[in-house]
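In: Fold the following, please.
(2 chains)
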Amino acid sequence: MAFDHKHLIDIREYSEEDITLLLDTAERFKAINERRIKKVPVLKGFTVVNMFNEPSTRTRSSFEIAEKRLSCDTLNFGGSSTSTVKGESLDDTVETLSAYKIDMIVVRDKHAGVPYKVAQKSGVSVIDAGDGKHQHPTQALLDLYTIREEKGRIDGLRVGVVGDIGHSRVCGSLVPALKTMGAHVTLIAPQTLMPPVPEALGADAVTSNLDEALPELDVVYMLRIQQERLEGAPFPSLREYSMLFGLNERRDKLMRPDAIVCHPGPINRGVELDAFMADHPTRSVILDQVYAGVLVRMAALYLLLGGNEDME
Amino acid sequence: MALLLKNARVIDPQVGLDEVCEVLVRDGKIVEVGHGLQMEKGVERDLSGKVLVPGLVDMHVHLRDPGQEYKEDIETGTRAAAHGGFTDICCMPNTNPIIDTGSVVEYVRTKAAEVGKCRVHVSGACTAGEKGEALSEMGDMVAHGAVMFTDDGRGVQNAGMMRRVMDYAVQFGKAVSSHCQDESIVGKGQINEGAVSTRLGLLGWPAAGEEIQIGRDIELSKLTGCHIHVQHLSSAHGLDLVRRGKEDGAPVTCEVTPHHMFLTEESIGDDYNTNFKVNPPLRTAEDAEAVIAGVIDGTVDCIVTDHAPHADHEKAREFELAPFGMTGIETSVGVVVGNLVNTGKITWQRMVELMSVNPRKILGIDRVAIEPGCQADFTIIDPELKWTVSVDEFESRSNNSGFIGWELTGRATDVYVGGYATMEDGKLTDEPIHL
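Out: Residues are numbered from 1 along each chain as shown, chains lettered A, B, ... in the order given. All right, here's what the predicted structure looks like:
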């Protein structure tokens, strides 16, 4: 087992072998999660701080469940209830946490680059649980896990990512990770929702025409329109967005019969996905992604904190 | 008191001088330039191996005083200027309160005369409170000694307002200098819009947001006849606009900084080093090359630093929350001499034009030449001195340099203002300034 990472901050630092090991480890944790008693003592005695400086329900819940199932001691350290509101600097907050003699910080922040700063200041292992518009590596891993489980492979698959790519931390990790694993990636959005240089993420193709791109795709990854974050109205109306970039029953016939639909959640029903697609029995893997989130986070915690081969 | 400076290579393109000779100073003025000069009583200095030029001017400096003295104040900022080799600076008005009335101009000039280590010229705001909504009291500020007007730190957003500023400023014969930034395009942009901003997940600040106002202000200079000085120009196309404006005969000048010449967006690594967060942002390698080309071909009128001190705790924040700006006044001469002059990209004559002659012309302050009768303001540079940029050596109150750790060649070792040394052999003197 040649895994020598201390942090999971920048997915681009992870090789194909590293990611495969993470996914394989997640798969082994799946067996444990299928049991009646889902808890194993492999990280007993380790203290993990969940430092969520911006609101998050889903990611934080997923991390908490993963930590508890590995028997970690956890501390939830919410930004709004503590230091930043009182004017404490990030550095001071992290130094305070470090003084508790902890083993890992899982950090979510609305500002890009914060996990790196936390890692530097704390000296402990850090997992980026989403930083600004930068990266969200565990989301990328759970997506890869789900895709691999559904399609049996990632290498050679054609993946289309649709939506607000420019403001998406999910894309910041997902696109490079898909490239590392050998997929072909097409970014699909109006230019108002594209990053300045989409190719810098590693994308193979960029288009604003969903209907043209759709027939080729094995995986359609729909991003959430984050209505609360959109600046300067990048499209005229949700109605028009849905018409041009929504995945719906009308577009079903354009898709390959075995194409699957991913979404990082939470869904805006009727905007990027209609009910037909969101609940589609064979295409939609959205709930599988949620489950995979627990598995890959267990794998990441386990590998980064130096868990050994014996998972029991 | 008399002063005899011997054995330096004296360079001044204004009078066609470039030779090893002597300069004799008495009562703050140059008395004689030549060979075998005699002095009855006074100080004699041997400057063998060094270059003596008319005192250098940094016409874009943030002294942060009044209001943000924890970053810098008039004393520390002018000490940093002297340490960097400057005899004169022009400070920017985005202080607290904003320098937009005669009384604040008066405060800065009075305090500079008391505690300053160089001559301080003052830029006033061109709109009240730098809000871009109404004219500032330019006449009152001129009466108290302001030399230029600018809303530096912000662009004047409304084109009609900018036209009114320039129309009004014409009567005073002062330049209006423009921080070009269209806020409707730049928004909360953090770094140059492009591959690096995409990779780091930071909002982009596109060059077009700067170029649109450069183009606008050049057109307005033609319309109003007001001298427009484009500040800290950062992009290849922005420079083209100035080049074209000059060809058209528009009254336009421009300045560039060492950091826009020798640092690029690629300097901002995955460690999100906030010292590289500046406004306008570091751009591409092609832009930096174009800026250097403009320095070489004469399109650029002066090199300034946009010395923008910020406290450690402010720069230690999250990248998106950290303030824009880097210091530069103590590294400028080393960067320019080592990378432009010693490499043969520009001559010493051109360096003197960029850092001494042209800034004085743009600011409309006294000409300083190496000839009898001129005020004895000199910068003396050791062009071969090798040194490493370290925060420990800064006189500035702040440490936010983008050149920390750089190995530079060339450094100002001695500075004279009005015939008195503010720095000797690299050490600031205790002598109060004689204005």
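In: mind showing which ranges of the chain have poor pLDDT?
Out: Just going to use chain A. A:1, A:79-85, A:228-232, A:308-312 (pLDDT under 70).
In: Look through it and state the residue closest to chain B.
Out: As assessed by CB to the nearest CB, chain B sits closest to A:H134 within chain A, at 3.0 Å. In this view, the C-beta of every residue, glycine as well, is placed from N, C-alpha and C.
In: what residues does chain A put near chain B?
Out: A:10, A:89-91, A:109, A:111-114, A:116-117, A:120, A:131-135, A:169, A:172, A:195-201, A:231-232 (CB under 8 Å from any CB of the partner chain).
In: Whichever residue of the stretch 151-300 of chain B sits closest to chain A: what's its closest spatial neighbour, skipping adjacent residues?
Out: Distance from chain A to each residue of the stretch 151-300 of chain B (CB to the nearest CB) is smallest for B:G201, at 3.0 Å. Closest residue to B:G201 apart from its sequence neighbours, by CB to CB, 6 or more residues apart in numbering or on different chains: A:H134 at 3.0 Å.
In: Can you name the residues that contact that neighbour?
Out: By CB atoms under 8 Å, 6 or more residues apart in numbering or on different chains, the contact set of A:H134 is A:112-113, A:169, A:172, B:200-202.
In: Save these as JSON lines, and put in secondary structure too.
Out: Shown next, in JSON lines, are the contacts of A:H134 (DSSP: H, G, I helix; E, B strand; the rest coil):
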{"residue": "A:A112", "secondary structure": "coil"}
{"residue": "A:G113", "secondary structure": "coil"}
{"residue": "A:R169", "secondary structure": "helix"}
{"residue": "A:G172", "secondary structure": "helix"}
{"residue": "B:L200", "secondary structure": "helix"}
{"residue": "B:G201", "secondary structure": "coil"}
{"residue": "B:L202", "secondary structure": "coil"}
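In: most neighbours, which of the residues you listed?
Out: A:G172 (31 neighbours; other CB atoms under 10 Å in any protein chain shown).
In: Spatially nearest residue to that one (excluding sequence neighbours)?
Out: A:Q135 (4.3 Å).
In: OK, contacts around the one you found?
Out: A:9-11, A:128, A:169, A:172-173, B:201.
In: any idea how far B:G42 is from B:G373?
Out: 18 Å (CB to CB, to the nearest Å).
In: more crowded one of those two?
Out: Neighbour count, other CB under 10 Å: between B:G373 and B:G42, B:G42 has more, with 13 against 8.
In: Next one: the more buried one, what pLDDT does it get?
Out: Model confidence at B:G42, given as pLDDT, is 92.
In: And it, its phi and psi?
Out: Backbone torsions of B:G42, given as degrees, to the nearest 10, read phi 150, psi -170.
In: what bridges to the closest residue to it other than its chain neighbours?
Out: Leaving aside its sequence neighbours, B:G42 sits nearest to B:A2 (CB to CB, 6+ apart; 3.1 Å). Counting by DSSP bridges, B:A2 forms beta bridges with B:R26.
In: B:A2: how many residues sit nearby?
Out: Neighbours around B:A2, by other CB under 10 Å: 15.
In: ok, back up a step: these two touch, right, the residue of the stretch 151-300 of chain B closest to chain A and A:G172?
Out: Yes: in this structure, B:G201 is within contact of A:G172 by CB atoms under 8 Å, at 5.2 Å.
In: That concludes my questions; thank you for your assistance.
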